[in-house]
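>>> generate coordinates for the sequence data below:
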Amino acid sequence: MQAKDWQALKSGSDVRGTALEGVEGEHVDLTDEAVSGIMKAFLYRLSDKLGKKKLTVAVGHDSRLSAKRISDCAIAAIEESGCDALFTGLSSTPSMFMLLQDHSLGADASVMITASHLPFNKNGLKFFTAEGGLEGKDISEILTLAAEGKALSPAEKGAHRNINYIDEYAAGLVRFVREKTGKNTPLAGKKIIVDAGNGAGGFYVDKVLKPLGADTEGSQFLDPDGRFPNHIPNPENKQAMQSISEQVKKVKADFGIIFDTDVDRAGAVDSKGEEINRNRLIALISAILLAEKPGVIVTDSVTSDGLATFIKAHGGTHRRFKRGYRNVIDESKRLNAEGIYSPLAIETSGHAALKENYFLDDGAYLVTRILVSLAKLADEGKDISDLIKDLPEPFEAAEVRLSFKPGADFKLLGNGVIEDVKKLAENTPGLSPAPDNFEGVRIVFDKDAGDGWALVRMSLHEPIMPINFESNAKGGCKVIAKKLAAILGTYDFLNLDNLKKYISE
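As a prediction, the model looks like this:
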């Protein structure tokens, strides 16, 4: 492998690549060689930082078809480095971090094998120490060391043993709810169902909800299956959200929960089958936390103006920041370090990190925190949706994703487009740049130009330019879309098919 091939496996603060053949034009680059080299480089670097030769590292995975191959490679690399491995098998990403807080296990770090909601042929590695997940710069360093072939040179091989940690992780969530509510089965009399999307989240039914007294009949897609035969395990996916919404209505559930593949994200559905995700999910957990103590809620850049109004009305301050869960987490941490209380960093994707929970983006903890409020509200004869009944919502909202023509230098060209659009917005009647631009360009459209806003930005990981719209008027999003199409149509390296399709529908 060339140095550039190693660096191509970097995806934000994770390693991700193609792990299985089966998709035309996508060849395996997360090979045995790559996994082994990356693991050995990670251990080499960690050993140097800790001043410790004999490390203990936990390894877990989600339900992907390539999980066994990659797990075997990772464990072999740990042993060949003279270190010991703790193999947790099917796990959630958050549990792999929480394992490091259990000092009785003696783990120095953990590795989660996952590619979140990406297609079946993808996989990746996510690294944790007791302080939290590694950052993008750390991944770059590890990949550089891997390209150089850096590895520990032990006198003897290490060993590995299997452990079951997900049970202890789930038991911790049960204890948390019981302590917060003062009841052993606070969910008794409530039908609460889960859609795990055949990912790793099926444990939540038997190990969390049932011990708390919930009726979970009607839960679906709990069995792990890396083909993801029913729908993409992704709370942002329309089909996935429609699936859990319909199931809630079908079985007359009081609450529905949906997880992504590795359970670091979640979405929900209320008793009427109404989705609680994106802005509504942010509003719900914000209302819960702000009722306890006012503070700053940090979100990504695509949140609505109505959410900002809602947060202010509930005694908080809205800090709209860059998209990317590590970006919002780091911003919330920064505020707290400066003495400004910020209890929550959350993306519209469902990544939610609470200060009280190590700023770990944990979908299971998020919904568990919500269930505490659901149980308390039930005692008052109220529904969880009552907490967000005053959330101002736009008349229309949409997202369109533009692609780049093959071979285009999408990062350079995309950033150039954003700068051009920003200048046009400053000089076009009816348009103006929003004052809180932290990513891409957010444009305000006046009443005659669509009565809303649009955010044009670059994807963090893909050659995609997403555009988010909101409007307070019927048909307003299409008015905004037409104006943007006229602007973006001048760039021959952009594929506007999705935007044109949206306008014509």
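
>>> residue 372 reaches residue 174, doesn't it?
No. Using Cβ atoms under 8 Å, residue 372 makes no contact with residue 174, being 11.6 Å away. For the C-beta atoms, the positions are set from N, CA and C on the backbone; glycine is no exception.

>>> any weak-confidence spans in the chain?
Within the chain, the stretches with pLDDT under 70 are 461.

>>> try 80 this time
Scanning the chain with the threshold set as pLDDT under 80 gives 435-438, 460-462.

>>> how's it carved up into domains?
3-164, 169-388, 396-504 (automatic domain parsing).

>>> got the contact list for the most centrally placed residue in the chain?
Among the residues of the chain, residue 351 comes closest to the average C-alpha position under Cα atoms, centre = their mean, at 3.8 Å. Residues in contact with residue 351 (Cβ atoms under 8 Å, 6 or more residues apart in numbering) are 264-265, 325, 328, 361.

>>> and residue 303, by the same measure?
Contacts of residue 303 (Cβ under 8 Å, 6+ apart): 279, 282, 318, 320, 348.

>>> farthest pair in those residues?
Farthest-apart pair in the contacts of residue 303 is 318 and 348; separation 13.0 Å (Cβ to Cβ).

>>> which of the two has more neighbours?
A count of neighbours by other Cβ atoms under 10 Å puts residue 348 above the other of residue 318 and residue 348, at 23 against 20.

>>> which of the three states applies to the more buried one?
For residue 348, the assignment made with DSSP: H, G, I helix; E, B strand; the rest coil gives coil.

>>> what about the nearest residue to it once chain neighbours are set aside? Give its phi and psi, please.
Ranked by Cβ to Cβ, 6 or more residues apart in numbering and with sequence neighbours excluded, the top spatial neighbour of residue 348 is residue 278, at 4.5 Å. Backbone dihedrals for residue 278, given as degrees, to the nearest 10, come out at phi 50, psi -130.

>>> show me what contacts residue 240?
So residue 240 contacts 195, 197, 231-234, 258 (Cβ under 8 Å, 6+ apart).

>>> just the element for it, please.
Using DSSP states H and E, residue 240 falls within helix 238-251.

>>> cool, residue 197 as well?
Per DSSP H and E, there is no helix or strand for residue 197.

>>> that one: neighbour count?
Using other Cβ under 10 Å, residue 197 has 31 neighbouring residues.

>>> how about residue 156?
7.

>>> and the gap between the residue lying closest to it once chain neighbours are set aside and residue 52?
Closest residue to residue 156 apart from its sequence neighbours, by Cβ to Cβ, 6+ apart: residue 82 at 6.3 Å. Noted for residue 82: a distance of 11 Å to residue 52, by Cβ to Cβ, to the nearest Å.

>>> looking at those two, which has the bigger crowd around it?
residue 82 (19 against 12).

>>> that one contacts residue 152, doesn't it?
Yes. With contact defined as Cβ under 8 Å, residue 82 counts as touching residue 152 (5.8 Å).

>>> spit out the residues that contact the two alike.
residue 53.
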